[in-house]
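S.K.: How does the following fold in three dimensions:
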Amino acid sequence: MAGIVETESELAEIVRAARTVAVVGMKDERDADAPAHAIPEAMQARGIRLIPINPRIDAALGERALARLADLSERPDVVQIFRRSEAVAAVADEILALPIERRPDVVWMQSGIKNDAAATRLAEAGIRVVMNRCFAVYAARVRPRAVVS
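M.R.: Just a heads-up that it's a prediction; the model follows:
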């Protein structure tokens, strides 16, 4: 169900179900210590496929980067945002401009990122929204590490 997600059970369900996450503002290995690299790296270690979205990088964590959300050829389960709170409105505009079949089920704003107006617009469009939460923290609680063969 669309809306602002705040309960622990809903957060856990989102993280358990996520298979593909488009990461807006993801950093590459040159910024390996940055949260926008380290957190997606922790997610990838738990079996989540990442799609880096950043016009300033070519690839990150072995995945080809896209310049913008409009370049997506598939629907991600989650769009995770690593941008300042004031930049979230523009990301929401990009998401809402996507064809409905390519819009995510969930938009997740990382810890420290919150934009109530953008969240309301996304929720009104049928998208679940998480604000000011760390995806990797929930992944560590509810997803086992991926087995590498």
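S.K.: Going by C-alpha atoms from here, please, whenever you check contacts or count neighbours.
M.R.: Fine.
S.K.: For Val78, see how far away Pro99 is.
M.R.: To Val78, Pro99 is 15 Å away according to CA to CA, to the nearest Å.
S.K.: of the two, who's got more company?
M.R.: More crowded of Pro99 and Val78, by other CA atoms under 10 Å: Val78, with 25 against 10.
S.K.: can you tell me how far Gly62 sits from Ala119?
M.R.: In this structure, Gly62 and Ala119 are separated by 31 Å, where distance is defined by CA to CA.
S.K.: ranges for the helices of the protein?
M.R.: Counting by DSSP state H, residue ranges of the helices within the chain are 8-17, 35-44, 88-97, 116-124, 135-142.
S.K.: Gly126 and Gly62: what is the separation?
M.R.: The spacing between Gly126 and Gly62, counted by CA to CA, is 32 Å.
S.K.: These two: who's more crowded?
M.R.: Comparing Gly126 with Gly62 by other CA under 10 Å, the one with more neighbours is Gly126, at 16 against 11.
S.K.: so what's the more buried one closest to, chain neighbours aside?
M.R.: Closest residue in space to Gly126, ignoring its immediate chain neighbours: Ala2 at 4.8 Å, by CA to CA, 6 or more residues apart in numbering.
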